[in-house]
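1. sequence unknown, structure follows:
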């Protein structure tokens, strides 16, 4: 939370003492969570730089829009990237459809969109579940 908002909340006077107590408790809990989050962020950063994860983290961070946290989540979820022989295989697994390519020597980027699941797939899953 930004300092201005925190100061505003600290100065806020509630109409009843019990509401003031609730607000104070929530602010203390929020402060604890922010501290915990910072500590966790630091630990994940240290882990990402370790000998085990650094090569994978650098590779995953090379993907557009991927930073340390997201790279570590990908590593934890996927574990073995060797199963994706092509980037299109990974795109299919992740459910995103990055728009981009090359126009001559220049890379042409675009939005990353969600890959739609065909309606027939939903129908097939629903009907098979009903038949079991």
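-> In hand now; what should we look at? Being a predicted model, the structure only gives us computed values, none of them experimental.
2. show me what the longest helix seen in the chain is packed up against.
-> In the chain, taking DSSP state H as the definition, the longest helix is helix 17-48. For helix 17-48, the packing partners by 3 or more C-beta pairs under 8 Å, 6 or more residues apart in numbering; DSSP states H and E come out as helix 3-11, helix 68-78. Just so you know, the C-beta spots here come from the backbone N, C-alpha and C atoms, and that holds for glycine as well.
3. average pLDDT for it?
-> Here helix 17-48 scores 91 as its mean pLDDT.
4. return the set of buried residues in that helix.
-> Across helix 17-48, burial judged by 16 or more other C-beta atoms under 10 Å covers 44, 48.
5. quick revisit: pick the most buried one from the helices and strands packed on helix 17-48.
-> Greatest average neighbour count among the helices and strands packed on helix 17-48 goes to helix 68-78 (a mean of 15), per mean count of other C-beta atoms under 10 Å.
6. got the domain ranges for this protein?
-> As recorded under automatic domain parsing, the domains making up the chain are 3-29+34-96, 97-132.
7. which of the ones you listed has the lowest mean pLDDT?
-> With a mean of 52, domain 97-132 has the lowest mean pLDDT of the domains of the chain.
8. now do the contacts for residue 72.
-> By C-beta atoms under 8 Å, 6 or more residues apart in numbering, the contact set of residue 72 is 44, 47-48, 53, 57.
9. what do you get for residue 1?
-> Taking C-beta under 8 Å, 6+ apart as the contact definition, residue 1 lies against 30, 34.
10. and it, how far from residue 11?
-> Residue 1 is 14 Å from residue 11, where distance means C-beta to C-beta, to the nearest Å.
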